[in-house]
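Engineer: please work out how this folds:
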Amino acid sequence: MIRKQPYGIIIVLIAMVLLSCSGKQEFAEEAVDPFIYRSGSLEKGQTLAQALMAQDISSPAVYRVVNKLNEIYNLRRCHPADSFYVKIDSLGIIHELRYMPDHELRYLVIKDTTDNYFTKIDTLMLVYEIKKCRGTITSSLYQAMIDQGEGSALPVMFTQIFQWDIDFFIDPQRDDEFNLLYEQYTLNGRFIKYGNILAASYKSRNYEKIAYRYTDRKNITKYYDYKGQCFQKTFLKSPLNYKRITSYFGYRTHPITKKSLMHNGVDYAAAYGTPVEASADGTVIHRGWKGGHPTVNGKTGGYGNTIMIRHANGYKTLYGHLSRYGNFKVGDRVKQHDIIGYVGSTGLSTGNHLHYTIYQHDKPVDPLKLKNVSGPPVSRNEMENFQALADSLNLQLQIDSLNIQADAVIEEFDAGSAEEDKSGKSYLRLILMCLLILLIILILVRIFLLLKKRRRYFY
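Structural biologist: Predicted coordinates:
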């Protein structure tokens, strides 16, 4: 009976430890978090400081933290809907501020143990996905993609691939088909932004091509067809986003002079101030008022505010009736898509439009009938790699539904998750403490048994 007593003591002690831990767990669960968590987003015309003070935080505390944040993020760039999260104590002292102007970076101001603040920038891990969009045009390409649940940026990206072959303001017809494979980034299941279009196809009665995005060994990325021909051409199909064409190339009766004259360009009607882009790489050779149309000279008429650009192989382009100019002067180099001016109605004009002329060896040619020249093709020593990539993209385009997702760990930063994380850590510490107490008890029992054994030996 005496030998069994130690085991009985051990069982009693273990039971006491478990009951103690259970009680401490209940106490930990009932413990009050000493911090207060507030979150919100900026409203129109509101500064971050104003938004924080609207959360009942004193102005001295707010300005101290906001001034520190301004060291790593220019708060003049704040926009409505920018979100913030703040952690304060019962005295109104800010212990942490998190500012999220976008879904990729988070700017932090944190109070350390010496009552000073330090800053930190975190990069949020977005989930990378490859998705596809396929449809048929009923009214416009833009509306067809919106009907598929896509954002407004995707049709713009799509048209930029085929802009040298297709004028998406006049060319698309009902029942034209499109299909594209694209990247997108999400955070906790919410769409954040589009990546690149990896492959895209467009099919109409007179046109059917697939474009593949490829980066060569020189790190140059462009879109090519399966034969390696570049989609980018020397000249854009049109140098602006326009509403309609009001005058074509050829003889016409001038709307002001009422005379039958040769119209040596194309008139694109567009809203006042619409950006006008350089249709090809080149050098600005004229910026100023220019006579024309074709007999009127001086500031009494003609093309009005005009830009002219010289291009390779004897080409020039003219952009007339501008309201104002871009940031390029005579002699400056421009690249395709650079904004060189804005639509207006200067000179001999009846309304806002762009007069656009292409000259080849100083002879005007019809921009709508220009035989455009493609950019450099895929080099021969890279064709095998390119076509292997194109074959892979073709397979993905043919799959009815596609959703390839890269693994990423995303953490949602808000008051709820902070409290959850804190309670989880408290529970872990509680378990470790119980195990430590149990280990100490077992050691003490072991020592007790050894001492008892020695006592019997001496007696």
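Engineer: how is the chain divided into domains?
Structural biologist: Split into domains by automatic domain parsing, the chain comes to 36-123, 127-233+380-405, 244-366.
Engineer: per-residue confidence at the spatially closest residue to residue 338 that is not a sequence neighbour?
Structural biologist: Once flanking residues are discounted, residue 338 sits nearest to residue 278: 4.7 Å by CB to CB, 6 or more residues apart in numbering. No exception for glycine: its C-beta is placed from N, CA and C like everyone else's. Here, the pLDDT recorded for residue 278 equals 94.
Engineer: verify the stated contact: residue 278 with residue 332.
Structural biologist: No - here residue 278 does not reach residue 332: they are 10.4 Å apart, not a contact under CB atoms under 8 Å.
Engineer: what's near enough to touch the closest residue to residue 34 other than its chain neighbours?
Structural biologist: Leaving aside its sequence neighbours, residue 34 sits nearest to residue 89 (CB to CB, 6+ apart; 6.2 Å). Counting by CB atoms under 8 Å, 6 or more residues apart in numbering, residue 89 touches 34, 35, 36, 95.
Engineer: which ones among those residues lie within helices?
Structural biologist: Within the contacts of residue 89, no residue falls in helices by DSSP state H.
Engineer: name whatever forms a beta bridge with residue 355.
Structural biologist: Bridge pairing for residue 355 (DSSP bridges) gives the partners residue 267, residue 320.
Engineer: need the contact list for it.
Structural biologist: Neighbouring residues of residue 355 by CB under 8 Å, 6+ apart: 265, 266, 267, 303, 318, 319, 320, 321.
Engineer: dump the residues you listed to CSV, plus neighbour count.
Structural biologist: Shown next, in CSV, are the contacts of residue 355 (neighbours: other CB atoms under 10 Å):
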residue, neighbour count
265, 25
266, 22
267, 23
303, 27
318, 20
319, 27
320, 28
321, 26
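Engineer: given the longest strand along the chain, what are its sheet partners and their directions?
Structural biologist: Ranked by number of residues, the top strand in the chain under DSSP state E is strand 190-203. With DSSP bridges as the test, strand 190-203 is paired with strand 177-187 (antiparallel), strand 208-215 (antiparallel).
Engineer: what's the offset of that strand from the middle of its chain?
Structural biologist: From the chain centre to the centre of strand 190-203 is a distance of 12 Å (CA atoms, centre = their mean, to the nearest Å).
Engineer: tell me the centre residue of this structure?
Structural biologist: Against the mean C-alpha coordinate of the chain, by CA atoms, centre = their mean, the closest residue is residue 193 at 4.3 Å.
Engineer: picking that back up, of residue 278 and residue 332, who's got more company?
Structural biologist: Using other CB atoms under 10 Å as the criterion, residue 278 and residue 332 rank with residue 278 on top: 26 against 15.
Engineer: distance of residue 62 from residue 112?
Structural biologist: Separation of residue 62 from residue 112 (CB to CB, to the nearest Å): 19 Å.
Engineer: actually residue 154, not the one I wrote
Structural biologist: Remark: distance between residue 154 and residue 112 (CB to CB) = 45 Å.
Engineer: what about these two, which has more around it?
Structural biologist: Per other CB under 10 Å, whichever of residue 154 and residue 112 has more neighbours is residue 154, with 19 against 9.
Engineer: hang on, the earlier thing: what two of the contacts of residue 355 are the furthest from one another?
Structural biologist: Farthest apart among the contacts of residue 355 by CB to CB are 266 and 303. That separation is 13.5 Å.
Engineer: host element of residue 97?
Structural biologist: Using DSSP states H and E, residue 97 falls within strand 94-100.
Engineer: which residues sit against that strand?
Structural biologist: When contacts are defined by CB under 8 Å, 6+ apart, strand 94-100 is touched by residues 35, 48, 52, 57, 61-62, 64-65, 69, 73, 82-89, 106-111, 413.
Engineer: now list the buried members of these.
Structural biologist: Applying 16 or more other CB atoms under 10 Å to those, the neighbour count classes 48, 52, 57, 61-62, 65, 69, 73, 82-88, 106-111, 413 as buried.
Engineer: tell me where the stretch 201-350 of the chain has strands.
Structural biologist: For the stretch 201-350 of the chain, the strands defined by DSSP state E, counting those that start in this stretch cover 208-215, 221-224, 244-247, 250-253, 260-263, 266-269, 275-277, 282-290, 304-310, 315-325, 333-334, 339-343.
Engineer: may I see the ones you listed arranged in a markdown table, with distance to residue 122 as well?
Structural biologist: Converted to a markdown table, the strands of the stretch 201-350 of the chain look like this (distance: least, CB to CB, whole Å):
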| stretch | distance to residue 122 |
| --- | --- |
| strand 208-215 | 29 |
| strand 221-224 | 29 |
| strand 244-247 | 49 |
| strand 250-253 | 61 |
| strand 260-263 | 59 |
| strand 266-269 | 47 |
| strand 275-277 | 36 |
| strand 282-290 | 44 |
| strand 304-310 | 45 |
| strand 315-325 | 42 |
| strand 333-334 | 39 |
| strand 339-343 | 35 |
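Engineer: mean pLDDT lowest where, among these?
Structural biologist: Mean pLDDT values for the strands of the stretch 201-350 of the chain show the minimum at strand 250-253, a mean of 69.
Engineer: winner for burial among the domains of the chain?
Structural biologist: Neighbour counts (mean count of other CB atoms under 10 Å) averaged over each of the domains of the chain peak at domain 244-366, with a mean of 17.
Engineer: tell me how far the ends of that one are from each other?
Structural biologist: Domain 244-366 has its terminal residues 17 Å apart, counting by CA to CA, to the nearest Å.
Engineer: going along the chain, name the helices of the stretch 301-450 of the chain.
Structural biologist: Secondary structure of the stretch 301-450 of the chain (DSSP state H, counting those that start in this stretch): helices at 383-398, 415-458.
Engineer: run the angle between the first one and strand 208-215 for me.
Structural biologist: Following axes from the mean of the first three to the mean of the last three CA atoms, to 10 degrees, one obtains 120 degrees for the angle between helix 383-398 and strand 208-215.
Engineer: not counting its own residues, what contacts helix 383-398?
Structural biologist: Helix 383-398 is contacted by residues 130, 132, 179-181, 198-199, 201, 210, 212, 214, 224, 226, 228, 378, 402 when judged by CB under 8 Å, 6+ apart.
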